[in-house]
Structure formats: C-alpha cells, structure tokens
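Chemist: predicted model, plus sequence, below.
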Amino acid sequence: MVNVQKLENENYGTYYLIENKNNVRLAVSPQGARALDWIIPVDGEDRDLLVGFKTIAEHKKARYYAATIGPVAGRITGASYNIDGTEYQTQDNDGGNTLHGGFEGYDTKDWAAEVFEEGDKAGVIFTLEHPDGENGFPGNVVSKVKYSLDDDNNYQIEYTATTDKPTLYNPTNHGYYNLTGSPVNSINEHTLKVGAKQVAETNPDVTTTGNKVDVAGTKFDFVEGRKISDTYLDDPFILDHEQTPDLVLTSPDEKVRLEIETTAPAVVIYTTGASEAGMQMKYGEMADHGGIAIEPQGIPGTEKYSQFGDIILRPENPFHSKTTYHVEF
Ligand code: FUC
C-alpha cells in the first residue's frame, strides 16, 4: 500500500509525502517538480539518500538539486541551435552557452500538482505549460513529470510532453546522492558501476565535442564497478542498455544499493567538488566530493551532433521517457 499525503511546513511549504509499506518515504515539491527527501530505514535508522537543503528557499537559490531540468538538460553550445533551417537563440547563462534551460529553466517554475493512484503504485503528477518561444524554445509545450513509489521500493520518474511546434526537449532529474545518508561524508568509498563502454568527449567548458570515446583504460571505466575514490566527473556516459540495471551505486557499508534503469540514451554523472564543499546542507556541511549527481538524459549536444541521436520533439511524436530508481537495503 502506497500512501500519498499533501502536507505543508515552514521549510518546504506545500509538499507531498509518498510512503510505502516498507517505510520508504519520498517527499516531492511542486517547486521545480523536485524531489526533496528519499528516506529509507536501514537497521532501524533513517537514511536520506538525496543530498539537498533544509528549505525550499535554499533550493530555489541553488536551483538544480533533485529538480526537473528542462526543457534541455546540459549545455547548448553557443546558446543557439537550428531546427529545420530556423535558428533559435537561447539564454547565455554559462560562459556563452545555455545551461539547464537558461535562467528560467523548468527547475525555477512552480508546477501544478495532482495526486494519483494506479495499481500498486501511487504518487504525484506535475504539469507545466511552457509558452511558445519562452527563453528561445518554440512551441506550446505541455510537460508532465510523474513521480511514483511502489511497495518493491521502486521510485520512478516518468516524463511525457507534447508540443504544437518542433522544439528541443531533453529533460532530466538532477538528483545528487550520497548513500551514507549525509554529504558530510565523501562519496569516495561508494562503488559505482555504469553500463557504458563509451563517454561523450567534452571541451574545457564541458560542452561536448561530438566524439564518442571508449572508456577502456580511462578514468571513465566503471563497466565492472569500482570505488569512485578520487575520480571527479562531469561527463555524459553513453548507456549500452545491454545489462540491467544501467547503473548501480553501493554505499561504503554495502547496506544500500541503488539500481537505476532508464530509457534515456545517456547518463550525465557529476560529482561535487570544491565549489560545493562547505555548503550548509540538510544534515551538515557538504564534504569535498560529498555528492554524486546522476542525470539520465539524451547526450548533451545532440541538437548539433546527429551521431548522438535526436532531441527534437515534434507535434506528431510526443515525448516519453522513464527512469526507475530501485533501492535494496
Ligand atoms: C551538471 C553538470 C554541470 C553543472 C551542473 C550543476 O549537470 O554537467 O557542469 O555544474 O550539473
């Protein structure tokens, strides 16, 4: 039995608490269609697997923590792109590029919320109507993000979208994780396994070059699974989808195993570093390397490089993608 409650408190404002029979609790907010907490009981003690802030006000300021990123996650090189011969300009909010939808990306929006129950799962559907042309993205786009939980400890996010004009669409959830339950501890002793034999090569400004590079023999080789250690990442891993799940993250004490399965072509993995260290988070000060962001999405730069696929959303072909975050504990 999964239970959903609409609640309100000083820190979070209005939020929704989704709870299953195993006492797994997922809190989500209409602000940014964002996950706030994902708490599991490990040996009778609560562990929150999501790195984040105490208040929604801090979340709004920092923007991306477990929020829905859109309409285009990652960087649009040169803050411009072309669809069917028409050139569009997006906002430069990152050294000449557009990062995570620009200054007013989906994470900054207040989404409409609706509770649902469906078979063995329940949760919240967030809806956003994006007006034609806003921030350089054409089309009246209706985006839906459906958060759910079931009694098998699957936390799932499903994305759907429609448009009335061709537009770019490549959303993600920008959750940062730390399976010790607090980013006061670094992620170094976590084990990471990623079903990706290639990464998309990046430039110094983290835009993609268009090249796919084999991970074998590089710091990006997590195919067999290894400790993250001092490997800092901000890179798109191109998923093979040959094995299930696509990604596994295991806590240092091996009591928590996060298994991610996605229909998205890639996962951007970003580990926090010096720029986040010292920030006051829910459970204390963020350590250097205190969180790992795991962002399932199309490969950043796909609008420029056809070898990466296609992220054009067209009226005749609605968007759908799904990511399941399964936790074993
Ligand atoms: C990831 C990275 C970016 C950025 C952001 C907060 O998506 O690709 O570099 O720092 O997270």
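Modeler: That came through, no problem.
Chemist: burial of the residue of the stretch 201-329 of the chain found nearest the ligand, as a residue count?
Modeler: Using CB to the nearest ligand atom, the single residue of the stretch 201-329 of the chain nearest to the ligand is residue 270, 3.9 Å away. Glycine gets a C-beta too; all of them are placed from N, C-alpha and C. Per other CB atoms under 10 Å, the neighbour tally for residue 270 reads 18.
Chemist: also residue 317?
Modeler: 12.
Chemist: the strand or helix carrying residue 15 pairs with which strands, and in what direction?
Modeler: Using DSSP states H and E, residue 15 maps to strand 13-19. When pairing is defined by DSSP bridges, strand 13-19 lines up against strand 3-9 (antiparallel), strand 25-29 (antiparallel).
Chemist: got the buried residues for that strand?
Modeler: 15-19 (16 or more other CB atoms under 10 Å).
Chemist: export these as JSON lines, with columns for pLDDT and distance to residue 230.
Modeler: JSON lines is the format used below for those (pLDDT from 0 to 100; distance: CB to CB, whole Å):
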{"residue": "15", "pLDDT": "98", "distance to residue 230": "36"}
{"residue": "16", "pLDDT": "98", "distance to residue 230": "38"}
{"residue": "17", "pLDDT": "98", "distance to residue 230": "37"}
{"residue": "18", "pLDDT": "98", "distance to residue 230": "36"}
{"residue": "19", "pLDDT": "98", "distance to residue 230": "37"}
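Chemist: from those residues, pick the one nearest residue 103.
Modeler: Closest to residue 103 out of the buried residues of strand 13-19 is residue 15 (24.6 Å), distances taken as CB to CB.
Chemist: okay, and the beta partners of the residue nearest to the closest one when sequence neighbours are not counted?
Modeler: Using CB to CB, 6 or more residues apart in numbering and skipping residues adjacent in sequence, the residue nearest residue 15 is residue 29, 4.8 Å away. Residue 29 has the following beta-bridge partners by DSSP bridges: residue 34.
Chemist: so what's the residue count around residue 29?
Modeler: Residue 29 has 23 nearby residues by other CB under 10 Å.
Chemist: which residues does residue 259 contact?
Modeler: 245, 247-248, 325-328 (CB atoms under 8 Å, 6 or more residues apart in numbering).
Chemist: helices - which of those land there?
Modeler: Among the contacts of residue 259, no member falls in helices (criterion: DSSP state H).
Chemist: can you give me the helices for the stretch 1-150 of the chain?
Modeler: 56-62 (DSSP state H, counting those that start in this stretch).
Chemist: close to the ligand: what parts of it are there?
Modeler: Contact residues, the stretch 1-150 of the chain versus the ligand (CB under 6 Å from any ligand atom): 64, 74.
Chemist: residue 29 and the ligand, how far apart?
Modeler: From residue 29 across to the ligand, the span is 18 Å (CB to the nearest ligand atom, to the nearest Å).
Chemist: any idea of the pLDDT on that residue?
Modeler: Listed pLDDT for residue 29 reads 98.
Chemist: might you report the residue contacts of it?
Modeler: 12-16, 35-36, 56, 59.
Chemist: now do residue 49
Modeler: 38-40, 177-179, 181, 256, 258, 327.
Chemist: now render those as JSON lines, adding pLDDT, distance to residue 216 and neighbour count.
Modeler: Conversion of the contacts of residue 49 to JSON lines gives the following (pLDDT from 0 to 100; distance: CB to CB, whole Å; neighbours: other CB atoms under 10 Å):
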{"residue": "38", "pLDDT": "98", "distance to residue 216": "33", "neighbour count": "24"}
{"residue": "39", "pLDDT": "98", "distance to residue 216": "38", "neighbour count": "18"}
{"residue": "40", "pLDDT": "98", "distance to residue 216": "35", "neighbour count": "24"}
{"residue": "177", "pLDDT": "98", "distance to residue 216": "26", "neighbour count": "23"}
{"residue": "178", "pLDDT": "98", "distance to residue 216": "28", "neighbour count": "28"}
{"residue": "179", "pLDDT": "98", "distance to residue 216": "27", "neighbour count": "26"}
{"residue": "181", "pLDDT": "98", "distance to residue 216": "34", "neighbour count": "21"}
{"residue": "256", "pLDDT": "98", "distance to residue 216": "29", "neighbour count": "21"}
{"residue": "258", "pLDDT": "98", "distance to residue 216": "25", "neighbour count": "24"}
{"residue": "327", "pLDDT": "98", "distance to residue 216": "30", "neighbour count": "21"}
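Chemist: of these, closest to residue 100?
Modeler: When the contacts of residue 49 are compared against residue 100 (criterion: CB to CB), the nearest one is residue 177, at 18.2 Å.
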